[in-house]
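S.K.: Fold the following and give me the result.
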Amino acid sequence: MPYKAASQSPREEDRSPSKAQPPRQLLQAIVLTILPVLLIFGPLLLVDRSFATRDAAHFYHPLFQWTDAEWEAGRIPLWNSYENSGIPTVADATSSIFYPGKLLMALPIDFALEYKLYVVAHLLLAGLSTYYLARHWRASPAAAALAGIAFSAGGNVLFQYANVVFLVGASWLPLGLLALEGTICERSIRKTVLLAIVLAMMVLGGDPQAAYHLMLLGALLAALWCWKLVWSPSREPTAPAPATADPASSSAKRWPVVLTSASLFAAAILVAGATAAIQILPSSAITKISERAAYNRPRNVMEMTQVLLHSPAPTIEQLAKSDYESPWQRTMRGLLGKPDTNAHHAIVYDFSIPPWRLIEFVWPNISGKPFPTNARWSTYKLREGRIWTPSMYLGFIPFVLGIAAVSIRSRDLRWRWLSWMVVWFGVGSFGLYGLGSLLQAIDEQLLGGDGNRLGIGDPVGGIYWLMVTFLPTYIYFRYPAKLMVVAVLALSLLAGISADQWLAQPHPRLRRVLQGLAIVSFLIACAALLMGHAMLSTITHHDSSTGPFDAASCRTTIVLSAIQTGMIAITLAALLGERCTVAARWRAPLVAVITVVDITLANSWLLQTADAEIWRKVPATAVALHADRATSPLTPALELAPRVYRGRFAGWRPTSFSSMASLARSAETTAWESDTLFPKFMFRGNVSLCESYGSIKLLDYQSLMLIGLKYGPRQSDKFTILHPALLRLQGCEYLVLPDHYDASSFATKLTPTTELPESTSLWRMQRTIPRAWVVHRVAVLPPLVNPQDLTAVDERSREVLFHENRARDFRRQATVETDRPLPFPELASRVGVAADATSLPPMSAAQIRKYDPQVIEIETTLQQPGLLVLSDLYLSDWVAEVTSDDGATTPIEIWPVNRVQRGIFLPAGTHHVRMRFASESLTRGAQWSLASCVLLLAIFAGTWFIPREGRWLSR
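M.R.: Next up, the predicted model:
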């Protein structure tokens, strides 16, 4: 630490509040805090362009644009009929439809500008709240600005404009730390209310994992505080007790204080859960039937208990199989082995940060840049994996000062808390690079093995593995790189609250370190200039999106990175030297200004944009298929959004992208994805995608997709497209495929008058099934014993789609999984009638008379009892009523049919069926949220009539 030995931190009186600062100085500090964000994003607010990077382009912009249009149409966007035969938008946290911050999108301006303001507002919130917290912790205005600059403009937060829901979580995090301190250590009612609000905003804003992390930070603070207050008071520095000392500081009252703090912390969590219940309850209900809840082998200790205690006794046939696993073997392989492929467990550790990327905190962009040209050497030379953020840089000075201030054994509670945050969450972000990865590397490099003989998964032994394995429900989250946001916030705050002391007096040891870094930096620059071309020219990979490797740009980036760090290191070393001529009061402002320039130069390239017209126009492929559909005699009277299968194949990009680089490649990619109906772009084209992606994937639907791909037609590049039986079952009308794919066995290739996007072909399905139809035979299958068993679910999907290696004829027969008798037993047929079963009665017609997002009306006339099938997704949240010949309207049950579709058993006669979305979990959640909001307002109002709570205890 800058002013004492590392094991000894200053007493509170050594860090007493600074004198009141002039308003001008405070204003200048605030301007410095937000200046990097304004320099990087300000010009974008003045032009008609939007974000063209990753999910910001093809996920959030079109999704939020659609939800905004639904609100403007007078509908709450609860159900999305454009994806995967329908999905519950209300249960998808990323839609964040009840987040109060979305009120910004109610402004009477163009949506593209609303979206940009939404992103920038949260970046500013991140910076200003960090500044406020640092000021609350006795930092000078300039030092507090340094903390705000580092957090809001650092790569780990700034790049979250590409994943705005995680930016929302990050922006509320500083206020969450402030609220935790006040709740646990000050026992402040107002801070307890603030904590409940922050937790609720994180959940409603789409980032429940951030709320989980904030609760973990609260538990960490409580543990450190209890240890300090109860178990180790004798180790604390002695000082005369002030006249206004809290009486709870006496030994006899320490435990009541602890219980009070714990009660307030628990109360904040409960009230936050109630406030966000309108989002939590629907999301929890859908998560239980999603692929995140399914597994073959247990992934955490909770699932381990379930397997060990409730697994049925094996049969003789199971014991005779060579691949039989006992419950104990399943448990050990699940917890300690490699994650199962094609399962949520396999992607939990995606976007892990390799430990060697920590050098990017010192040298900005030293690994190169992955866009707009292919200029990132570490992708090919190191085992890097998928990149969450291409820049780790938060400014050289904040990083150096923050790292130098880390002390997990500090006597200062705040200091110790922040230091543990840096260590735990920083190392936790390594994710996949756990102890297992290290052991495998040793086996491969030193012992001559292949690494697999150990039978240990890569993440085993790492911090993220510990969190996944031992924390309740944490397995439902994913992407370890998100933990780094917590670590960089702690680093930024450590830099801010220590900067004044670092800069107040000379520090020879740190100065020598800085001089050494400057020398190393200039050596790197020289090496890159002299040998960089020869070393980088060995990389000949062509990326399908960004083209051939750009060695010249990569070398330039490395040289500039090293020179930038070297110059700043020399400058900081001079400021810490004994001969520094800069007045002490100007050093912190000077450091803040240097960091503004430093971080703006280093991270401004992260912002990639494209013309906003891309998100307004109808995609080219949608124009072509709608033109073809208009000429079709089979178009129904009520024209529904056509169902389209748009293949998502790895590496599918225009051929020219791979062979030629472009500085506008991000914009070109966004335009091409829009025109080819990449998921979420289908909204503008009024097209419904049979296969899309999102944060929530229903297990049964995903299993059908997996089996459909497994048995689908294989193409020349070894990929497969969905089996035509599944496409017909979904009511698919068109296919959008790479131009070299062949689907001629079941579809007709179109040659539209309008030009299709490069490397794209459009096909019209042959003999597809209508969106609603009636069958008169039902194959009854027994319900699954364990509906979360991945193997059993996939086998059932195969059984439904195929029987005896032949596709089932869903036009004549449906499948129902039940152990109850059917309403009309005469409909039941033997299991597994294949496609050529012409002896089955043909299907009857049904007409869709109304098709709104939350209300569907169908009419049909039957000569005999039948099962009305709608090819939309089945969820228990849908209810139905039927009006028959006699005019009577009665409720009627919706059955799950064909694994994922809706079915209603009807007698002979004419029927008008009305289905509507009526989520009970949403209704209960809304009631809890409303009551909790009223309670929060009442508590907050009541705090104005009680004395101000106690100060921070027992520093």
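
S.K.: how about low-confidence regions in this structure?
M.R.: Across the chain, residues meeting the criterion (pLDDT under 70) sit at 1-20, 231-253, 451, 633-637, 830-840, 843, 945-955.

S.K.: Domains in it, by residue range?
M.R.: For the chain, automatic domain parsing gives the domain ranges 617-738, 773-920.

S.K.: mind giving me JSON lines with those and columns for distance to Ala57 and mean neighbour count?
M.R.: Just so you know, the C-beta spots here come from the backbone N, C-alpha and C atoms, and that holds for glycine as well. Listed next are the domains of the chain as JSON lines, based on distance: least, C-beta to C-beta, whole Å; neighbours: other C-beta atoms under 10 Å:
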{"stretch": "domain 617-738", "distance to Ala57": "5", "mean neighbour count": "19"}
{"stretch": "domain 773-920", "distance to Ala57": "24", "mean neighbour count": "18"}
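
S.K.: Reformat the ones you listed as CSV; add distance to Asp500.
M.R.: Converted to CSV, the domains of the chain look like this (distance: least, C-beta to C-beta, whole Å):
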stretch, distance to Asp500
domain 617-738, 41
domain 773-920, 53
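
S.K.: just how off-centre is the helix or strand harbouring Thr923 within its chain?
M.R.: Here Thr923 sits within helix 920-942, counting by DSSP states H and E. Centroid separation between helix 920-942 and its chain, computed with C-alpha atoms, centre = their mean, to the nearest Å, is 27 Å.

S.K.: Other residues contacting it?
M.R.: Contacts to helix 920-942, defined as C-beta atoms under 8 Å, 6 or more residues apart in numbering, come from residues 78, 90, 98, 189-190, 193, 196-197, 271, 274-282, 284-285, 877.

S.K.: now with 7 Å?
M.R.: 78, 90, 189-190, 193, 196-197, 271, 274-282, 285 (C-beta atoms under 7 Å, 6 or more residues apart in numbering).

S.K.: Likewise for stretch 748-761?
M.R.: For stretch 748-761, contacts defined as C-beta under 7 Å, 6+ apart pick out 620-621, 623-624, 627-628, 654-656, 672, 675-676, 736-739, 741, 762-764, 766.

S.K.: Now with 10 Å, please.
M.R.: 619-621, 623-628, 646, 652-658, 668, 671-677, 734-743, 762-766 (C-beta atoms under 10 Å, 6 or more residues apart in numbering).

S.K.: I'd like to know how far Asn342 sits from Leu204.
M.R.: To Leu204, Asn342 is 32 Å away according to C-beta to C-beta, to the nearest Å.

S.K.: again, but for Trp878
M.R.: Applying C-beta to C-beta, the value for Trp878 to Leu204 is 25 Å.

S.K.: again, but for Arg297
M.R.: 34 Å.

S.K.: who has more neighbours, the two?
M.R.: More crowded of Arg297 and Leu204, by other C-beta atoms under 10 Å: Leu204, with 26 against 22.

S.K.: thought the more buried one was touching Thr275?
M.R.: Yes - when contacts are counted by C-beta atoms under 10 Å, Leu204 is listed as touching Thr275 (8.1 Å).

S.K.: Need phi/psi at Val736.
M.R.: With angles defined as degrees, to the nearest 10, Val736 sits at phi -110, psi 110.

S.K.: Could you do Thr910 as well?
M.R.: Per degrees, to the nearest 10, the backbone of Thr910 is at phi -100, psi 130.

S.K.: three-state assignment of the nearest residue to it once chain neighbours are set aside?
M.R.: Nearest-residue entry for Thr910: Thr861, 4.6 Å, with adjacent residues in sequence omitted and distances by C-beta to C-beta, 6 or more residues apart in numbering. Following DSSP: H, G, I helix; E, B strand; the rest coil, Thr861 is assigned to strand.

S.K.: so Thr861 makes contact with Leu868?
M.R.: No - between Thr861 and Leu868 there is no contact under C-beta under 10 Å: 11.3 Å.
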